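In: Task: produce atomic coordinates for the following.
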Amino acid sequence: MVDKANIDIGVEWGLADSGGEPVGEISDKPELEHEPTWDVAQLFPPQGDWSEAEYLALDTNHLVEFSQGYVEFLPMPTLSHQLIALFLYKALDSLVSAARLGRVLVAAYKVKLWEGKYREPDVIFVKREHLSRMGEQFSLGADLVIEVVSDQGRPRDLEIKRQEYAQAGIPEYWIVDPQLEQITVLALEGSTYTVHGEYPRGADATSRLLPGFKVNVTEALSIQG
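Out: This is a model prediction of the structure:
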């Protein structure tokens, strides 16, 4: 006969049962299995009540943006998304570093657009004369931002962020769209963006803000690990 006390100990500590097979831990609260960890959720403010300080103190490996008291969890980037963003970062940083034009960073460094509104562009450029705007956690605006459009984030990147970045006075916005296989460069005129260029595969996308900066669209969209 098997000693029940030994079975209990084996189950609790993940030891083998009498037949030598590993035994999983048995929960003492079966009614809570597969339920969300509500106690953890209650440690955070409800949506709509987040402060900037609480958002900035959030420690997570997810991409999280902030809009008027709400935290917005973004889809995790795919491999191709990351490779395209890194290709663009390297191309831009090569020019900027060589000419000492400013600083280039990648997500998830935050950009504060205005009070209560933070975004995390895939790539940002800040001119040398504006570097004082960059802090440890975020930059107060930017001079150029790049977004690689994800399948789940098309309205956000194509419409919402276009309006927001213009409202924040960011001079140039690059929209890299793998689905349409093109790069659209938007330049700020007044309070709205105009299309500087729409560049398909085979073309070189160019910048109005940085005349020496150009990217071959085919190379950018075909990058592979």
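In: ok, Leu105 - contacts?
Out: Residues counted as contacts of Leu105 (Cβ atoms under 8 Å, 6 or more residues apart in numbering) are 123-124, 126. To be clear about C-beta, it is placed using only N, CA and C from the backbone, and glycine gets the same treatment.
In: Need the CA coordinates for the helix or strand it falls within. CSV is fine.
Out: Per DSSP states H and E: Leu105 is located in strand 102-106. Coordinates of the C-alpha atoms in strand 102-106 are reproduced here as CSV (Å, rounded to 0.1, in the frame of the first residue of the first chain):
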residue,chain,number,x,y,z
GLY,A,102,21.5,64.7,-34.1
ARG,A,103,20.3,61.4,-32.7
VAL,A,104,18.4,58.4,-34.1
LEU,A,105,16.6,55.9,-31.8
VAL,A,106,14.3,52.9,-32.2
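In: please begin residue numbering at 887 from this point
Out: Done: numbering now begins at 887, and the last item shifts to strand 988-992.
In: Are we agreed that Lys998 is in a strand?
Out: Yes: counting by DSSP: H, G, I helix; E, B strand; the rest coil, Lys998 is part of a strand.
In: How about it: which residues does it bridge to?
Out: Tyr1004, Leu1026 (DSSP bridges).
In: quick one on the thing from earlier: report the angle between the axes of the strand holding Leu991 and strand 996-1000?
Out: Inter-element angle recorded for strand 988-992 and strand 996-1000: 110 degrees (by axes from the mean of the first three to the mean of the last three Cα atoms, to 10 degrees).
In: Of the contacts of Leu991, just say which sits nearest to Tyr1051.
Out: Set against Tyr1051, the nearest of the contacts of Leu991 by Cβ to Cβ is Ile1010 (10.6 Å).
In: How about the contacts made by that closest one?
Out: By Cβ under 8 Å, 6+ apart, the contact list for Ile1010 reads 990-992, 995, 997, 1025, 1028, 1030-1032.
In: Helices along this structure, start to end?
Out: All helices of the chain, identified by DSSP state H, fall at 890-898, 924-927, 938-942, 965-985, 1040-1041, 1047-1053, 1103-1108.
In: Contacts for the fifth one, please.
Out: Contacts to helix 1040-1041, defined as Cβ under 8 Å, 6+ apart, come from residues Gln1065.
In: tell me the average confidence for that helix?
Out: Across helix 1040-1041, pLDDT averages out at 88.
In: still on that earlier bit, can I get the helices of the chain in a markdown table including mean neighbour count and distance to Ser953?
Out: Listed next are these as a markdown table, based on neighbours: other Cβ atoms under 10 Å; distance: least, Cβ to Cβ, whole Å:
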| stretch | mean neighbour count | distance to Ser953 |
| --- | --- | --- |
| helix 890-898 | 12 | 46 |
| helix 924-927 | 8 | 20 |
| helix 938-942 | 14 | 10 |
| helix 965-985 | 17 | 22 |
| helix 1040-1041 | 12 | 14 |
| helix 1047-1053 | 18 | 9 |
| helix 1103-1108 | 17 | 29 |
